[in-house]
Structures are given as structure tokens and as C-alpha cells.
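Asker: let's see this in three dimensions:
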Amino acid sequence: MIFKGCMSILSTCALRYVSTRGAKLAALSGHRSIHSCRILPAHVLSMSKPGCTGQKRSFTEMQREWLSKEVAVFDSSKSVESAVTPPSSWFIDPLFYQMEKSSILRKNWIAVGRTDQVNDVGKFITGSIGDEPFIVTRDDGGTLRGFFNVCRHHATIIMEEDEGRALNFQCPYHGWTYKLDGRLMKATRLKGIKDFKASDFGLRPVQVSTWGPLVFVKLDAEHTGPEPKKILANLTPKLDALGFSDGMKFVKRKTYKVNCNWKVFVDNYLDGGYHVEYAHKDLSQLLSLGSYKTEIHDGYSLQMSKGGDHDEGSSRVGSEVIYAHIYPNVMINRYGPWMDFNYVIPESHDSCNVIFDWFLEEKAMRSTDNDGLNKLINENFVASEKVQDEDIEICNRVQKGLKSMSYDWGRYAPNVEAADYEFHQRLAQQFREYLKI
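Answerer: Modelled structure (predicted):
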């Protein structure tokens, strides 16, 4: 049997890879044999597909064994001084990404947009988290609702616009129509159908919540746990003192396509300013990097730096910058009169979209004439665009390097990369809970 033989070879290959790498880890060499197996080729192995249990696919025994070993390689109990980074499989393997969708992307509150986008009846936003399309709207009673953006008839994506306003949601395929609260209000041409109740065919719900001006979605409707307001209660006063919930006006949105695993982009953000001196030459001149410090809290981390002594940076960066990462996927940046949100949205095992929302202090807008305001906004976007392009280039290069047979794991710079290590520890904890190891 050719298929059976391939399965045996794959199993042996995966086990030999883990065993070989274990010896390498013990020696802290940072390399493994070029002839050892790289990763378990997930695309070769089928995934079992159970009934409608809320999980689209489950893993075979062989896949689960391999995933467990890849997670176990990362020892999150060590101090940052002794720890090694997660193996490259966490960032490049399609099977690992499939597991991540179930363990991370469906179980956590994922920031997806702003409250002003859904602040009135019928306003909606759409998006996708790990291949799962969603829609968030405000129903006729003013309640914020979240649903899978998938018709219950034949699975058509219902709303294609990123945002808008609607009286109801009508599928463009066969006209099935849903109320803003998700109930099916019209199903066309069903004469003669048996065992059908419209009340059983409303849009499937997702959990939705808000914190300050941010909207969050949790795909697993049955997963319990505190909401963002409670998780981030200690952070709220600090950010509100800087205008997080009030005093800022939305200016612009832009989406960046990045050819890297979403965690690579987060890692870049969490390195304690390590890369700024080298990757962001202009930005580094506006910051006092010697003052850079990091704080780690439950559910979020903060990075702070004083502004540099440069006149050209005073209007954009100001006297202090604050970078907040909210686990797992959103960043809040406050500097000068500006604030921006960065939503890191996974697209695949090796690509993500990063959505930027920029805000400007209302008092800065009121105190500046139109020409001055346009100049202020344009100068900020030019400078910001340069920083984003530099980050994207670095992240794309990291993703390419992660695929090299010469690299499997690295080390942390203890004095600056503690927040990155904590991010990996939190991921590992959720992986272990999901895999029950």
C-alpha cells in the first residue's frame, strides 16, 4: 500500500526530527542536521472531520503527537536568561497554524474594529479571523451583536463590504434574509420542505464585546471567561489619562499585507525597542532609547520611551511614547498628539494583514487651521508609512529566514525581550491546554 508506506515514512521522519533536535537543544547549538526532517508535511495528511461540534476539523493521532512535541520543545518554565525561542515550526508549518486557529484565534478576544463603526442601528463591520468570516452590527434595540458572516442555506458569504449600514442582511445567492439580531426572516422557495423551522436557521452567533473605542470578537460562542473590560481594567485608567476613550478623533485607516506569520509581526513589536536603532534610523533619532523600558502585566504589556531632544520630533513623537500590546493581536500606540491602533489579523501560516487606525487629538484639530491641519496629518502619515515599510521589510525577511534548514530557534536578549518571551509563554500555555499535555 503506497499510502500506508508514506504514512510510515512520515511518522518515522517526524520522530527522528524531534529526537535529533532534542539533542541539538541540549547542546545549545542552534542548528540541526541538514539531513533530518524539517517538519511534518501537514498537506499530505488528511484531517478527520467530525459532526457539527463547533470545531471544523480535528487532528489525527499522528498529527496530535507531532504538535505536542513541537509545543513541548519550548520550555516556558525557564527564566528569560536561560530560555530559547519557540521552534521555527510555530511560524512556518501549516498544521501548526491549523492548531493555532482552534487554540488561540477562536478562544481569545480578538480586536477587530472601532465602536464608532457600529454606534448606531444597522451599522456593521465585517472581517475574517483564521478563515472564519464574521459580522458585527447594532440591532434594532441597540444591542451589539456578532455572527458568522455565512448564510445558513448554502454557506455564501453574506456581506462583502468592510463596513456599512443595512436594514437587514440578505444573502446575494438565494435571497435568504436575516434580521439585525440574526434571526431568519425570509427563506425563499421552500414549498414542500420537511422538518424545517426558521427559528433553527438564524445566523450562528459569535461573542462580541467592547473596551474603550475597540470592538472585540470571540469566535467560540460557548467559551467562557472575563471580557476585555475586566481583563484590562488596570490598563484603562492609564490610557484614559492619555485620551484613549475620549478626546481623540479618527483620521484614517490603512491595511498592510505582510508576508509573515502573524506572530513574527507581534515579536517585532515586543522586542523592547531592540530593532529601532537598526531598522528605524529616522525614528530612533526622535526617541531617547536609553530611557526605553518594558512592563509586563496580565493580558497586556507596556513599552515606554522618552522623546529625544530634537525639534523635528516634538510635533509627532512628543515628550513620551507608549506602546501597549493587548494579547493576542492588537497594539495601541500613543505619541505626541497621535494615537494609532494596529490589528494583526492572521491570513495563513505565512501571511497576515495589519490594519492601522490613526487618531488625532481633538484639541490639536481645533487649534489648527485647515492648511496647518493638513500639513500635520500628511507629515505624520509620511513618517508613519516609512516606519511601517521598514517593519514589513524586516518581518518578511524573518519569515524567509525561518524556513531555512540552518535555523530552528534562537535566544532572547534578557534586558529587552522579556515581553516577547511572555507572549510566547502565554501562547504555549494555551497550546498545552488545547492539546491536553
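Asker: could you use CA atoms for every contact and neighbour count after this?
Answerer: Fine.
Asker: all helices of the stretch 251-400 of the chain, in order?
Answerer: For the stretch 251-400 of the chain, applying DSSP state H, counting those that start in this stretch gives helices covering 262-269, 276-279, 281-284, 311-314, 362-366, 370-402.
Asker: considering these, which stretch scores lowest in mean pLDDT?
Answerer: Ranked on mean pLDDT, the bottom entry among those is helix 311-314, at a mean of 50.
Asker: flag the shaky bits of the stretch 151-300 of the chain, pLDDT-wise.
Answerer: Within the stretch 151-300 of the chain, the stretches with pLDDT under 70 are 289.
Asker: residue ranges for the strands of it, please.
Answerer: Secondary structure of the stretch 151-300 of the chain by DSSP state E, counting those that start in this stretch: the strands cover 163-165, 169-170, 177-178, 184-186, 207-211, 214-218, 248-258, 287-297, 300-307.
Asker: tell me the contacts of residue 162?
Answerer: Residues in contact with residue 162 (CA atoms under 8 Å, 6 or more residues apart in numbering) are 125, 126, 127.
Asker: kindly report the same for residue 218.
Answerer: Contacts of residue 218 (CA under 8 Å, 6+ apart): 105, 106, 107, 108, 109, 110, 206, 207, 208.
Asker: and residue 247, how far is that from residue 193?
Answerer: To residue 193, residue 247 is 55 Å away according to CA to CA, to the nearest Å.
Asker: before we move on, the earlier item: rebuild the strands of the stretch 151-300 of the chain as TSV, extending it with distance to residue 230.
Answerer: Formatted as TSV, these follow (distance: least, CA to CA, whole Å):
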stretch	distance to residue 230
strand 163-165	28
strand 169-170	32
strand 177-178	32
strand 184-186	33
strand 207-211	9
strand 214-218	13
strand 248-258	23
strand 287-297	13
strand 300-307	12
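Asker: so which of those gets nearest residue 406?
Answerer: Comparison of the strands of the stretch 151-300 of the chain against residue 406 by CA to CA identifies strand 248-258 as nearest, at 23.3 Å.
Asker: now that closest one and helix 370-402, what's the angle there?
Answerer: Strand 248-258 and helix 370-402 are oriented at 30 degrees to each other (axes from the mean of the first three to the mean of the last three CA atoms, to 10 degrees).
Asker: stretch 191-203: end-to-end distance?
Answerer: 21 Å.
Asker: quick revisit: out of the strands of the stretch 151-300 of the chain, nearest to residue 393?
Answerer: The closest of the strands of the stretch 151-300 of the chain to residue 393 is strand 248-258. By CA to CA, the value is 8.5 Å.
Asker: center of this protein - which residue?
Answerer: Nearest residue to the geometric centre of the chain (CA atoms, centre = their mean): residue 329, 3.3 Å.
Asker: before we move on, back to that, looking at neighbours, which among the contacts of residue 162 is most surrounded?
Answerer: residue 125 (24 neighbours; other CA atoms under 10 Å).
Asker: does that residue count as helix, strand or coil?
Answerer: Using DSSP: H, G, I helix; E, B strand; the rest coil, the structure places residue 125 in strand.
Asker: how about the helices in the stretch 51-200 of the chain?
Answerer: According to DSSP H, counting those that start in this stretch, the stretch 51-200 of the chain carries its helices in the segments 61-72, 89-92, 94-100.
Asker: reformat those helices as JSON lines; add mean neighbour count and distance to residue 167.
Answerer: Listed next are the helices of the stretch 51-200 of the chain as JSON lines, based on neighbours: other CA atoms under 10 Å; distance: least, CA to CA, whole Å:
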{"stretch": "helix 61-72", "mean neighbour count": "17", "distance to residue 167": "45"}
{"stretch": "helix 89-92", "mean neighbour count": "21", "distance to residue 167": "42"}
{"stretch": "helix 94-100", "mean neighbour count": "21", "distance to residue 167": "36"}
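Asker: sorry, back to before: residue 247 and residue 193 - which one has more neighbours?
Answerer: Legend: neighbour count by other CA under 10 Å for residue 247 and residue 193, higher for residue 247 (14 against 8).
Asker: residues contacting the more buried one?
Answerer: Neighbouring residues of residue 247 by CA under 8 Å, 6+ apart: 361, 362, 363.
Asker: between the contacts of residue 218, which is nearest residue 255?
Answerer: Comparing these against residue 255 with CA to CA places residue 110 closest, at 16.7 Å.
Asker: report pLDDT for the closest one.
Answerer: Each residue has a pLDDT score; the one for residue 110 is 99.
Asker: hmm, it is touching residue 211, no?
Answerer: No - if you go by CA atoms under 8 Å, residue 110 and residue 211 don't touch, sitting 11.6 Å apart.
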